[in-house]
Each structure stands twice: as structure tokens, then as C-alpha cells.
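S.K.: Provided below are the primary sequence and the corresponding predicted coordinates.
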Amino acid sequence: MAIAGSSEDVDVLIVGAGLSGIGAAAHLTMKHPGKSYRILEQRADMGGTWDLFRYPGIRSDSDMHTLGYRFKPWLHEKTIADGPAIWDYVHETSDEYGVTPNINFRHRVLRASWSSEEARWTVTARREEDGSEVDFKSKFLFMCAGYYNYDQGYRPDFPGEENFKGKVVHPQHWPEDLDYSGKKVVVIGSGATAVTIVPVMAETAEKVTMLQRSPTWMISRPAIDPFSKFVRKILPEKTAYALTRWRNIWMQRIGYWRARNKSEKFSEMLLKEAREAMPDYKNFDVDFKPYYTPWEQRLCLVPDADMFEAVNSGRAEIVTDHIDHWTETGIKLKSGEELEADIIVTATGLNLVLLGQTELTVDGEPVNMGEKVNYKGVMFNDIPNMASVFGYVNASWTLKTDIVCDYVCRLLAEMDRKGAAIANPHLDDADMPRLPFVDDFSSGYFARSFDKLPKNGDRHPWRVLQNYAAEKKILTKEPVDDGVLVFSGPHKASASANAEETILEAAE
């Protein structure tokens, strides 16, 4: 492999130009305008999820007042936004804060190596246009690469699928020219992607069947938020956005608390809403009553009850059963029923990955992230000068982006104040229990990746709380210098460097 040489040495290197990466760059621009940064993005455009997914009806599964940035009001009428509108929002933010010229597109990050002697990361990326490799050096590494494998969605093997004569599509790789008008379609899956695709395809397909092994909790909400619409009429845009955002954050939090602490009543409420939307549905408990309690997996948001209406109209149906095997013309179920299909959509989920599958080494030693422990939900034990955005499973995923960026900017300021080149969250208790990355969450993409994910400890600051209010206080108010984060200079062997480090430590 040809080595294209080294690029510039920057203060902060950001990996990923999706919602998180563009947000991180905007925060740096606002709070550290004197620091240099660069973004490495493997795709040809920014947007992340909202540039990758092109399936019918692609939209947010959270309201845009909490999925959007704190500093950039969402001005569209629809609160549950479609993918192209979110893509535009990311681009607008990038242009507004001067981020776009600092992005290296089609640069896939392969490796990141930390040197304590240099107090630098060396990040190796492959240029997708010619396959050459180029090195970037940075004082701080900010991982904003998302949480799933962009190249390959989760795709289980189905018996006999090689016999099927029709078209097979995974939502992560949707063909632009797929014509499903007048066709019989089977969508395998019952998560947010399936619930999004089914009502849209049902508008023109002959028939769409959502085939599920078990039901998912669904909740219907208006695509246009009445509260937001009202306050925008009487208040300035920024004030209306901030007020709606605050309200929706607390509504999410209260809803989650009720789901986990009053699960029977919360379940009854969701089932009651669904029954009222589908009063004549004959197989309701089988097709709409999940075996698990709400928020053990993410709720499926149904804007304006579109999924319920598609089923009520007869354009779509739900079948709860297990696949026996695929046939030439469709899918044979364990019950003996056969579903005819011209197109089968495998909405079977994502492959969760961490740090964009970047290979990490610290001072020449490979890092196994499955053995690392989270520090404040931002950094990892004994990995210096690196932060990562990994959002919430019980609220808008990117709510965490803003507060992680707040913390990183505070950390950089603290390092500057101290004259420190290194900030390392050191774990000095080797026997601390290693708990799951996320407690009480049964979604398949987490279950399949348990061994690869970092762990939680049993005490602060080594726990991810999945609680926005608590983490906001920790990341934006608590002192950065907490006695756990170790600040130092470059670890050089020379006597002069050791003397400088001694002076630095004494000054602290």
C-alpha cells in the first residue's frame, strides 16, 4: 500500500462528519476559535446516517427539537422530520460555522496510535479514491463516527433464501431504481426501520406484509408538534426552540421513568392508544402486545398514526410468526402459511461498532475496547486525549452530542490553563466490577456486541448513566480536574523533559 505522506498537525482531529462530528466542529469554532481542527469522513458527503439511508420514508425516530443541536434552532414545521430535511440541516450548520472547508471526504480512518513521548495521536486514513494511506497528527482525538457499521447492516442467513426468484433488499443498501408499485412486498422485522418503510411502500405496492417474530411497542405522535407551532407564533425563534427543546427533554425523561417504574400502567396506556387507533383489529394481542416491558428496547414512533392507518386500510398487514424457509415465490412460515412476495425487505437491524472500527494502540500496545471502562460517558480508562460521542438509548441519541462537546471544550481549556499536554482518565482499581455498557436494554444490536463494548464501573465517574439531566450536570458543571483525570506533559526520556514535568506537577 502506498503511503501518501503526512498531513498537517492539528489541535483536534474529528472522525466522522455526521450530526455529532459537525456539531463538535461547531462547538470548537464557538469556544476555541484559535484551535485548529480537521474532520475525516469516509463518505463523499457529510450527514452520516442521513446521507447513507435512502429507503422510503426515511425520517427521525425522535423529535428534532431534541435530535437537533442546542445552538441551531430547528425551523421546519414538521417535528418528526424526513431524512432530506435533516441532511439539509446538517449542511446548513456546517456552512454557517465554517466547518465544510475543514472536512477531508472519502478518508476512511484505519488506525490511531497514541504516543506519550510526543503527546500526539497519529491517525492513518485510506483515501478511497486511490487506496493510498495518509497520516494525520493531532493533540486530541474526537471520535464522532456513529455507532453502527456503515458498510454492512445485520443480515442473518435464512434457510432456502437462494431459491427466492424475486428481489431482496436491505434498507441500508436501498437501490435508487427499485420499483415496488403494484408488487407484493414482505418486510422482515418490526423495529423503527420496518415501521417507517411499511406505510410508505403500502401507498403504491399491491400489498405489504410486515413479518415479525414478536411485536414492538409503538407510540403515535403528531408529525407537527402543536406546542412548538403555538410558541413559534408568540415568541422569537430561538426562544421558542429553547422552550420546546426543554419541554420535550423532560417529557422524554418522564416518559422513560414511567415506563421503567410504572411499566404496567405505561403498557396499558400504549395498548389503549393502539387499540383506539385500530378498533376493528381482530388479532391485536398477538400482533401488537410485546413480551417485554416498554423501553427495554426503543419505542417505535409512528407519526400521525401512519402505520395504524396503513393496516386499517388493508394496504398493509402484520403477520406474527417464525420463518421456516424461503421459497421461489416467498416465505414459508412455521405455521404452514406461505407469504407470496415479489420483493423481500430484510429490515433486520444494524451491526453495532465502536469508534468506527478504528484500530487503537497506546504507546505501542493494542487496545481492546471490550476491556475498557467508560469515564463520564466520554472517555475511557487509560486512553489519553481521546473522547467519543455515544448517545442515549432512552432519549434522542444526539442529545448527548452537545454536552459531550461542552465537556471536551472545557477539558481543552483546562489543559491550556495548566499547560498540560496530556489528560488521562486513570483507573487505579483493577478489581472494580465490570458491568454492561447499557443496563436493562435488550435490543439485538447491543446483545450481539456485548463483548466488544466498553464496560461500566459501579461508581462515578466510571458509569454511563443514560440520564440527560444528571450527565448534563456532570459534564457541564462538575470540575474537570476531579482527581481521577491525570494531567501531565509529554513523557520524554530526557532530563529536561522530566524536569519540566516535575515543575508542572508541582504547579498543580
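M.R.: Everything's here; your move. Treat the numbers as computed from the prediction; the structure is a model and nothing was measured. Residues are numbered from 1 along each chain as shown.
S.K.: burial count for V393?
M.R.: Using other CB atoms under 10 Å, V393 has 19 other residues around it. Every residue, glycine included, has its C-beta placed from N, CA and C.
S.K.: can I assume it is in contact with F437?
M.R.: No. If you go by CB atoms under 8 Å, V393 and F437 don't touch, sitting 9.8 Å apart.
S.K.: Which stretches in the stretch 251-400 of the chain count as strands?
M.R.: 300-303, 316-320, 323-326, 330-333, 338-340, 343-346, 359-362, 365-366, 374-375, 379-380, 386-388 (DSSP state E, counting those that start in this stretch).
S.K.: could I get these as JSON lines with distance to E92 and mean pLDDT?
M.R.: Listed next are those as JSON lines, based on distance: least, CB to CB, whole Å; pLDDT from 0 to 100:
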{"stretch": "strand 300-303", "distance to E92": "23", "mean pLDDT": "93"}
{"stretch": "strand 316-320", "distance to E92": "35", "mean pLDDT": "97"}
{"stretch": "strand 323-326", "distance to E92": "43", "mean pLDDT": "97"}
{"stretch": "strand 330-333", "distance to E92": "43", "mean pLDDT": "98"}
{"stretch": "strand 338-340", "distance to E92": "43", "mean pLDDT": "97"}
{"stretch": "strand 343-346", "distance to E92": "32", "mean pLDDT": "98"}
{"stretch": "strand 359-362", "distance to E92": "33", "mean pLDDT": "97"}
{"stretch": "strand 365-366", "distance to E92": "40", "mean pLDDT": "97"}
{"stretch": "strand 374-375", "distance to E92": "32", "mean pLDDT": "96"}
{"stretch": "strand 379-380", "distance to E92": "30", "mean pLDDT": "98"}
{"stretch": "strand 386-388", "distance to E92": "25", "mean pLDDT": "98"}
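S.K.: Quick one, which of those strands gets closest to G34.
M.R.: When the strands of the stretch 251-400 of the chain are compared by CB to CB, strand 386-388 sits nearest G34, at 19.3 Å.
S.K.: just checking, what packs against the closest one?
M.R.: With contacts taken as 3 or more CB pairs under 8 Å, 6 or more residues apart in numbering; DSSP states H and E, strand 386-388 sits against strand 133-143, strand 379-380, helix 399-418.
S.K.: Looking at the ones you listed, which is nearest to G349?
M.R.: Judged by CB to CB, the one of these that comes nearest to G349 is helix 399-418, at 21.6 Å.
S.K.: The closest one relative to strand 133-143, how many degrees between them?
M.R.: Orientation of helix 399-418 against strand 133-143 (axes from the mean of the first three to the mean of the last three CA atoms, to 10 degrees) gives an angle of 100 degrees.
S.K.: low-scoring pLDDT stretches of the stretch 1-150 of the chain, where are they?
M.R.: Along the stretch 1-150 of the chain, the model assigns pLDDT under 70 to residues 1-7.
S.K.: and stretch 167-176, how far from the chain's centre?
M.R.: Distance of stretch 167-176 from the chain centroid (CA atoms, centre = their mean, to the nearest Å) equals 21 Å.
S.K.: before we move on, what about stretch 219-234?
M.R.: Put simply, stretch 219-234 sits 25 Å off its chain's centre (CA atoms, centre = their mean).
S.K.: same deal with stretch 344-352?
M.R.: How far stretch 344-352 lies from its chain's middle: 16 Å, per CA atoms, centre = their mean.
S.K.: ditto for stretch 471-485
M.R.: For stretch 471-485, the distance to the chain centre is 23 Å (CA atoms, centre = their mean).
S.K.: now stretch 357-370
M.R.: 22 Å.
S.K.: outside of it, which residues touch it?
M.R.: Residues outside stretch 357-370 that contact it (CB atoms under 8 Å, 6 or more residues apart in numbering): 15, 109-117, 123, 143, 145, 149, 354-355, 380, 382-384, 451-455.
S.K.: Give the rounded mean pLDDT of stretch 404-411.
M.R.: Average pLDDT, stretch 404-411: 98.
S.K.: before we move on, the earlier item: so can I have TSV of the strands of the stretch 251-400 of the chain showing distance to D9 and mean neighbour count?
M.R.: Listed next are these as TSV, based on distance: least, CB to CB, whole Å; neighbours: other CB atoms under 10 Å:
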stretch	distance to D9	mean neighbour count
strand 300-303	44	22
strand 316-320	55	20
strand 323-326	54	18
strand 330-333	55	20
strand 338-340	58	17
strand 343-346	45	24
strand 359-362	19	17
strand 365-366	23	9
strand 374-375	26	24
strand 379-380	22	24
strand 386-388	17	25
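S.K.: So for V185, which of those strands sits nearest?
M.R.: Of these, nearest to V185 by CB to CB is strand 343-346, at 4.8 Å.
S.K.: Of the helices and strands packed on strand 386-388, which stretch is the most buried?
M.R.: Using mean count of other CB atoms under 10 Å, the stretch among the helices and strands packed on strand 386-388 with the largest mean neighbour count is strand 379-380, at a mean of 24.
S.K.: Distance from it to the middle of the chain?
M.R.: In terms of CA atoms, centre = their mean, the centre of strand 379-380 is found 17 Å from the chain centre.
S.K.: and that strand, what other elements does it pack with?
M.R.: The contact analysis (3+ CB pairs under 8 Å, 6+ apart) places strand 379-380 against strand 386-388.
S.K.: what's the spacing between the strand it packs on and its chain's center?
M.R.: What separates the centre of strand 386-388 from the centre of its chain is 15 Å, taken as CA atoms, centre = their mean.
S.K.: go on, stretch 52-70?
M.R.: On CA atoms, centre = their mean, the centre of stretch 52-70 falls 11 Å from that of its chain.
S.K.: contacting residues around E118?
M.R.: By CB under 8 Å, 6+ apart, the contact set of E118 is P490.
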